[in-house]
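In: Fold the stuff below for me.
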Amino acid sequence: GPARHPYPRSFTRLRSQLQLYPDGSRPSEVFENAAATVRSLGANCLPLAIAVAMHLYPFCVLQSVPIPLLSVARLKRAMLLRTIRSRSLILANTGSERSNGTTTPPIATRAADGVRINGRCEYLSLSSVADIVLFKAQLAESDHVVLCAADLRASTVHIGPWKFSGAMELSDTSAVTFDNHRVPEGHYLIVPDDAGLGCITDYQRSWFHLFIAEIYLARVEHLGGERTEEVTRLRQESLRLLDEFAVGA
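Out: Next up is the predicted model:
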């Protein structure tokens, strides 16, 4: 729609006022720093707050998920985080459950220059402004999964029209299609589709739900509601579980 054209300019002005790259020594500290950003947005505009959360929660997961000290994955993570921070990149994330609704889920094929991605993800927030999209693709002719951090601004990536109208346009949500899109070495990780991957998926989902709760609580408080003692207790317990998370536990 017409609103899509000024969206990147408006978002650029807004992001100068936001803390989009939170840090902290513990996951709960990282979350608290990021939650301040979505609360400030959520009080006035739920769709925009949800869109920004779709950058913040994968960023928080990326830097907080426990990875063995001496591993290729840890090195790749450090390099990716350094690139995101130094270039002030915006992340986007596609949900695996949502992508099940498409007839062409992403497939990764090994190539001499990395992996090549073909397929479509139905829901991608921040589609007009994100630089990198994080997603899972099935590795062709195997039972392995490829975790990718792909460049969204390449000519082999096609962003569809906005999915929603009205106020929800501000979530900037579209389908994204990959047409023989190259993901180079260092920007993907091949993992078995086992319990470890499922555990990481659950960890990611936990962060997402915490952010959504913060956004709606901020909106309720702005409208005059009160945060109950029960909600506060659940929030504190959720942050404790984040601090004690371990893959496989």
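In: Three-state assignment for the nearest residue to Val72 once chain neighbours are set aside, please.
Out: Distances taken as C-beta to C-beta, 6 or more residues apart in numbering place Leu189 nearest to Val72, at 7.7 Å, with adjacent residues excluded. Heads up, the C-betas are built off the backbone N, CA and C, glycines and all. What DSSP: H, G, I helix; E, B strand; the rest coil gives for Leu189 is strand.
In: Leu189 against His144, yeah?
Out: No - using C-beta atoms under 8 Å, Leu189 is not in contact with His144, being 10.2 Å away.
In: Around Leu234, count how many other residues there are.
Out: 12 (other C-beta atoms under 10 Å).
In: Please apply the same query to Arg182.
Out: Neighbours around Arg182, by other C-beta under 10 Å: 16.
In: Run through the bridge partners of it.
Out: Going by DSSP bridges, Arg182 is paired in beta bridges with Arg116.
In: Distance check, it against Leu80.
Out: 16 Å (C-beta to C-beta, to the nearest Å).
In: who's in contact with Thr104?
Out: For Thr104, the contact set (C-beta atoms under 8 Å, 6 or more residues apart in numbering) comprises Asn118, Gly119, Arg120.
In: does Val191 have beta-bridge partners, and which?
Out: With DSSP bridges as the rule, Val191 is bridged to Val145.
In: That one contacts Leu197, correct?
Out: Yes - using C-beta under 8 Å, Val191 is in contact with Leu197, at 5.4 Å.
In: Touching both of those two, which residues are there?
Out: By C-beta under 8 Å, 6+ apart, the residues touching both Val191 and Leu197 are Val145.
In: Where in this protein is the helix or strand with the lowest mean pLDDT?
Out: For the chain, counting by mean pLDDT, DSSP states H and E, helix 96-99 ranks last in confidence among helices and strands (a mean of 48).
In: Much appreciated, bye for now.
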